[in-house]
Structure formats: structure tokens, C-alpha cells
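1. Requesting a structural model of the entry that follows:
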Amino acid sequence: MTDSRHSTAVTTRTPADFGGNPVAPARDTRTAADVVTPALVARLTRGVTGSGTTANHTPFTEEVLARLPESTPEDVATAFERAREAQRRWAEVPVRRRADVLLRFHDLLLRRQSEVLDLIQLETGKARLHAHEEIQAVAVAARHYGRVAPAHLRPKAHTGVLPLLTKVTELRRPRGVVGQIAPWNYPLELSVGDALPAFAAGNAVVMKPDTETALTALWARELLIEAGLPEELWQVVLGEGPVIGPEVVAHADYVTFTGSTRTGRDVAQRAAARLVGASLELGGKNAMLVLRDADVAKAAAGAIRGCFSTAGQLCISIERLYVHHSIADAFLERFTARTRALRLGASLSYGADMGSLTSRRQLETVVRHVEEAVAKGATVLAGGRPRPDIGPLFHEPTILEGVDTPMAVCAEETFGPVVSVYRFEDEDEAVRLANATPYGLNASVWTRDGRRGREIAGRLRAGTVNVNEAYAAAYGSAAAPMGGMGESGLGRRHGAEGILKYTEAQTVAHQRLVPLAPAFGLDDAAYARLMTGGLRALKALRLR
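-> Predicted coordinates for the structure are as follows:
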């Protein structure tokens with residue numbers, strides 16, 4: 001991500017101008033300096049290969065949070081050299097012992113979660129409960145792959161071309177060194193959460209986290225090392241995305257990237273040029289459908305979670321809300337009331353319902369989308385303005401109605417606390433509207449009829465669809481794959497694909513007793529007749 005702290009500032013107002021969302025009481029008076037001490041920064045950055053200096057900032061004040069090492073292209077090459085040497089040794093460790101590291105990490109994470117919750121909040125500006133979602137997601141992934149990695153990676157027997165005579169085994173070999181480019185919005189989950197299955201599969205990782213949220217990722221690295229991961233196996237490099245990102249792709253044996261569709265295309269092209277695989281989770285313009293028989297109160301509460309968690313800076317967040325006309329007024333009455341009551345806050349404690357945006361660029365995008373929509377005829381039902389009385393990057397949770405195609409907010413990903421509401425007449429129309437986007441990451445359907453909800457879900461073009469939940473049900477089910485269709489990306493995290501993508505499949509076929517060629521005096525014609533009869537028999541026996 002490019003540094004946007006010095007972009008044109010949005011219009012500011014004085015505290016007297018505000019009568020919107022309430023401010024949550026500060027239950028913890030600790031400051032960034034109390035948490036991010038020089039000793040902590042020195043300890044965490046020991047794992048960074050960098051010869052320069054950079055810095056990150058806290059969104060709560062936009063002040064410098066920590067001075068950090070900055071990597072050069074030469075530093076990236078050195079990091080890959082170290083990782084390759086460590087990976088060769090790690091690949092020899094039995095998979096059960098590798099998976100045990102994940103299970104120990106799980107326990108350490110839950111025991112020491114308060115440490116990283118502080119860092120997540122200070123680096124992203126999100127509310128503490130939303131930061132805790134990252135703890136939950138990482139713990140689920142660690143437990144899941146800690147338990148199932150041996151089963152996914154063990155040798156598997158397959159039916160050979162000649163049953164009994166051809167013994168076939170599928171092996172899973174680690175790819176080598178995975179290059180990981182992690183984003184700023186979920187700095188724990190989208191760093192270590194994606195790295196865990198790579199380590200379990202026998203790989204090393206060279207990761208470039210976003211500089212603004214690097215301390216969270218470095219804390220996770222330190223904790224995983226404490227759980228038993230060899231220190232050299234996880235290398236971290238820091239620097240500007242356009243400089244360091246391409247270097248990571250240039251050395252990696254496999255690439256995993258989470259970020260914008262524009263940057264994802266570039267990553268995919270660079271990986272393809274080297275004939276290495278890539279997994280990309282990209283943008284979204286996710287839809288929520290509230291059907292005519294939905295429980296209005298539950299749907300309104302679900303929309304709050306879906307639209308405003310992490311201030312809407314969530315790839316699977318809801319930005320388009322389609323409500324059946326017969327219940328639209330009742331739904332909007334509840335939804336707007338709940339939205340206006342959300343408490344905004346910057347305290348390092350529970351109690352705030354929504355925190356800050358993470359960067360000035362995100363704030364400017366939110367302001368631009370809202371102001372342009374209003375200027376072109378949209379109506380603000382709730383929110384609609386920045387809140388500099390709380391912090392420089394705060395913006396109220398916003399509901400818009402009357403949004404149409406000339407408005408940027410209609411089709412562009414906002415990635416902020418803004419949702420557009422549309423009324424529909426029938427379910428076919430709602431499905432058509434929900435699918436009218438090049439993206440296809442996440443969707444949500446609300447109905448009292450679960451069977452009907454699942455049927456509608458199957459018609460939506462999205463990698464995950466939640467029925468009577470916004471995003472957490474699908475994302476939290478780590479045994480099932482999660483990822484995007486269309487311009488929302490390639491590949492999947494979670495499930496079998498979430499670990500097998502970090503491996504190369506190798507087939508070993510051992511032919512016994514007879515060759516797959518004429519033998520025992522058979523000429524070519526007789527061999528062909530024999531094989532023809534054999535193939536017919538194998539089909540009759542229903543062998544695969």
C-alpha cells in the first residue's frame with residue numbers, strides 16, 4: 001500500500017458540530033507509548049531482514065508508533081536464502097511434529113491474547129471486539145490444521161491402471177519457500193493465519209506485512225517461535241509495496257496475496273511469468289439479501305455486524321443491502337436506529353462498537369463516496385460524516401438509500417463503514433442484482449426458511465454465502481474452503497485446498513509382475529485385443 005498520510009485532508013469540524021453517534025466511555029487510559037515501548041520494538045524487530053529505517057503510525061492519532069527496519073531488494077534475497085536453508089531441514093521433520101507446533105501456538109495465543117489485542121488496535125484503529133475476531137480466526141485455523149494436517153499430507157493409495165498389478169501412491173511435497181504479502185486490515189489473521197498451513201506442509205515463509213501493521217505480525221512470529229517453529233523458517237521483510245512486493249514474488253516458489261484486485265493482477269502476472277502458483281484473495285462488493293419472510297430484528301442486527309465490523313474494512317464486509325419491499329420500512333427503522341446508536345471509541349478496552357478507519361486514504365475514499373452520492377441524489381439515513389472530535393480518521397457508520405449507477409459507491413469497493421440499501425420486488429430480481437458485479441467474494445441471505453435460504457445461496461456468484469449470518473459462519477468454518485470468484489481472486493484458504501495449495505502432488509506408480517506392453521509371446525494385435533477386453537471388464541466391475 002502506498003503511504004497516504006500526506007494526502008489532501010478532508011474537511012474538519014469542531015466537536016460542537018456533532019450530535020451523531022455517541023462516544024464510548026474510555027475504560028482504559030493507556031496510550032500507545034505505554035504499550036509500544038522501545039524494548040518491545042527492539043525485541044520484535046530482531047526477526048526483520050532490513051538495512052534501512054522506516055516507521056508505522058497509529059490511526060488513533062496518526063502519530064509515529066514505532067521505528068522499524070526497512071528492507072532493500074538485496075535484503076529480500078538474503079531472507080530467501082536463509083529461509084531455503086531452514087526449509088530443507090524442516091521438511092524432514094515428521095508432519096505430526098510440525099502440526100504440534102500449531103497446537104502449542106493455539107494455547108499460547110489464547111493465553112496471551114491481551115498483548116496482541118493492544119497491538120491490533122493501535123495499528124488498525126479497530127474496536128477491541130473486532131480485534132478479538134482475529135484471535136478467534138487464528139485459533140480456529142491453528143486448531144484445525146494442527147489436527148488435520150497429517151491426514152491431508154499422508155501418502156494416499158490410488159487404483160492403478162491394472163488393479164493389484166499397479167501400485168500407485170500420491171505423495172505431497174512442500175513447495176519450498178512461500179512468498180506471502182499480507183494486508184493491513186487484519187494483521188494477525190491474514191499474516192500468521194495464512195502462514196500456519198504453509199508451515200504444517202513443510203514450507204518456509206518470507207512474509208512482507210504492511211509496514212503500518214507490522215508489529216502485530218512480528219508478535220505472532222515471536223509467539224510461533226516460542227511454540228517451537230525454527231526461527232529462520234519465518235523471515236520478515238518490510239518496505240514499500242511497489243519496491244519490496246515484486247522482489248518477494250521474484251524469489252518465491254509459491255505466492256499468497258491478500259489485497260486489492262488491481263495489485264492482485266500484477267502479482268498474478270509476475271507469478272505466472274515464473275510459472276509459480278499463486279493464491280489471491282482480492283476485492284469485493286458483497287451483497288446481503290433480506291427476504292420477505294426474514295426475522296426483521298435479527299436481520300437488522302446481522303447487518304450491523306456485516307456492514308460495520310472493523311469499520312467496514314473487511315474484504316467480506318457487506319456494502320450492498322437488498323431488502324424485500326414488503327418489510328423494507330420495518331427493517332430500515334430498526335437498522336438505522338441501531339446504526340445511529342453505535343458507540344465510537346479509541347480506548348484499548350472493550351465497550352466501543354466501532355473504531356477508526358486505518359488510513360487517511362480510506363477516510364478520503366469514504367468521504368468521496370458519500371459526498372458524491374448525496375450530491376447526485378442519494379439520501380443519508382444514518383451517519384454520513386467524519387468524526388475528528390474522536391480521532392483524525394473516524395467516520396460515522398453510514399446508510400445510504402437512493403444510490404444508482406452514476407455514483408461511485410454503487411459499484412466501487414468503498415472498504416469503509418458505508419452500505420447502500422436497495423428495495424426489491426421478487427427473489428429473482430434480488431439474485432440478479434446481487435450478481436451484477438465483477439466481484440464474487442461473500443454474500444448473505446436472511447430468511448426464516450433455511451432450505452429456501454440455502455437454495456438462494458446456491459444461485460449467488462460468491463465464494464462464500466452465509467444464511468442468517470453476515471460473514472462469520474462461513475469464514476469461521478475452517479474445514480470448508482473460503483475465497484473469491486471473478487475479480488475477487490484465485491484459490492482458497494481453509495479446507496483441504498488451504499493446505500494442499502502449499503504442496504506439489506507427486507505420483508509414484510510401481511508396476512509389478514507384468515509390463516504395460518506386449519509380453520509372454522503376445523504380438524501387438526493380440527496385446528491390443530487383451531487390453532480391450534480388460535478395459536471392458538474393468539468398466540463392468542465399476543472400477544474407477
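2. May I see the buried residues of the helix or strand in which Glu371 is found?
-> Assigned by DSSP states H and E, Glu371 belongs to helix 360-375. Neighbour-count burial for helix 360-375 flags 360-367, 369-371, 373-374 (criterion: 16 or more other Cβ atoms under 10 Å). Using the backbone N, CA and C atoms, a C-beta is placed for each residue, glycine as well.
3. What's the first helix or strand after that helix?
-> strand 379-382.
4. next SSE after that following strand?
-> strand 398-401.
5. pretty sure Phe257 is touching Gln269, no?
-> No: with contact defined as Cβ atoms under 8 Å, Phe257 does not reach Gln269; the gap is 11.9 Å.
6. Mind checking which of those two has more residues around it?
-> Taking neighbours as other Cβ atoms under 10 Å, Phe257 and Gln269 compare with Phe257 leading, 29 against 11.
7. My assumption is that that one lies in a helix; please confirm.
-> No: assignment of Phe257 by DSSP: H, G, I helix; E, B strand; the rest coil gives strand, placing it outside any helix.
8. any idea of the pLDDT on it?
-> If you check Phe257, the pLDDT there is 98.
9. separation between it and Val236?
-> 16 Å (Cβ to Cβ, to the nearest Å).
10. burial measure for Ala127, as a count.
-> 29.
11. residue contacts, it?
-> Applying Cβ atoms under 8 Å, 6 or more residues apart in numbering, we find Ala127 in contact with 121, 310, 345, 352-355.
12. The same query, at a cut-off of 6 Å, please.
-> Applying Cβ atoms under 6 Å, 6 or more residues apart in numbering to Ala127 gives the contacts 352, 354-355.
13. For those residues, give me TSV that also has distance to Leu530, pLDDT and neighbour count.
-> Output for these, formatted as TSV (distance: Cβ to Cβ, whole Å; pLDDT from 0 to 100; neighbours: other Cβ atoms under 10 Å):
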residue	distance to Leu530	pLDDT	neighbour count
Ala352	76	98	25
Met354	73	98	28
Gly355	73	98	30
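14. Among those, name the ones in helices.
-> Among the contacts of Ala127, DSSP state H puts none in helices.
15. Would you tell me which one of those residues comes nearest to Glu81?
-> Proximity of the contacts of Ala127 to Glu81 (Cβ to Cβ) peaks at Gly355, which lies at 39.7 Å.
16. Glu504 versus the closest one, what's the distance?
-> On the measure of Cβ to Cβ, Gly355 and Glu504 end up 42 Å apart.
17. quick one: the helices in the stretch 101-250 of the chain?
-> Applying DSSP state H, counting those that start in this stretch to the stretch 101-250 of the chain gives helices spanning 113-124, 128-153, 192-200, 214-226, 241-251.
18. okay, those, which one's buried deepest?
-> Mean neighbour count (mean count of other Cβ atoms under 10 Å) peaks for helix 192-200 among the helices of the stretch 101-250 of the chain, with a mean of 27.
19. Find out how far it is from the centre of the chain, if you would.
-> 13 Å (Cα atoms, centre = their mean, to the nearest Å).
20. And that helix, what does it pack against?
-> helix 95-111, helix 128-153 (3 or more Cβ pairs under 6 Å, 6 or more residues apart in numbering; DSSP states H and E).
21. in the shortest one, what's buried?
-> The one in question is helix 95-111. Quick answer for helix 95-111 (16+ other Cβ under 10 Å): 95, 98-102, 104-106, 109.
22. which among those residues gets closest to Glu170?
-> Val95 (14.7 Å).
23. how far away is that closest one from Ala479?
-> Val95 is 18 Å from Ala479, by Cβ to Cβ.
24. Please apply the same query to Thr263.
-> For Thr263, the distance to Ala479 - Cβ to Cβ - is 30 Å.
25. What ranges does the stretch 301-450 of the chain have for its strands?
-> Listed in chain order, the strands of the stretch 301-450 of the chain (DSSP state E, counting those that start in this stretch) span 318-324, 379-382, 398-401, 418-424, 439-440, 442-446.
26. tell me the SS of Leu68?
-> Assignment for Leu68 (three-state DSSP): strand.
27. Pull up the per-residue confidence for the residue nearest to it when sequence neighbours are not counted.
-> Closest residue in space to Leu68, ignoring its immediate chain neighbours: Thr54 at 5.3 Å, by Cβ to Cβ, 6 or more residues apart in numbering. The per-residue pLDDT reported for Thr54 equals 96.
28. Check for me that Thr54 belongs to a helix.
-> No: membership of Thr54 in a helix is not supported by three-state DSSP, which gives strand.
29. Hmm, it is touching Glu70, no?
-> Yes: in this structure, Thr54 is within contact of Glu70 by Cβ atoms under 6 Å, at 3.9 Å.
30. which ones are touching Lys165?
-> Small correction: residue 165 is Leu, not Lys. Counting by Cβ under 6 Å, 6+ apart, Leu165 has contacts 512-513.
31. now it: how far from Ala537?
-> In terms of Cβ to Cβ, Leu165 sits 14 Å off from Ala537.
32. how about stretch 168-181 as CSV, C-alpha atoms only?
-> The C-alpha atoms that make up stretch 168-181 are tabulated as CSV, following Å, rounded to 0.1, in the frame of the first residue of the first chain:
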residue,chain,number,x,y,z
VAL,A,168,0.0,-46.1,-7.1
THR,A,169,0.8,-43.7,-4.3
GLU,A,170,0.2,-40.0,-4.2
LEU,A,171,2.8,-38.0,-2.1
ARG,A,172,2.6,-34.4,-1.0
ARG,A,173,5.8,-32.5,-1.1
PRO,A,174,6.3,-28.9,0.2
ARG,A,175,6.7,-26.3,-2.5
GLY,A,176,9.8,-24.8,-0.7
VAL,A,177,9.6,-21.1,0.3
VAL,A,178,6.3,-19.4,0.2
GLY,A,179,6.2,-15.6,-0.5
GLN,A,180,3.4,-14.0,1.5
ILE,A,181,2.2,-10.4,1.0
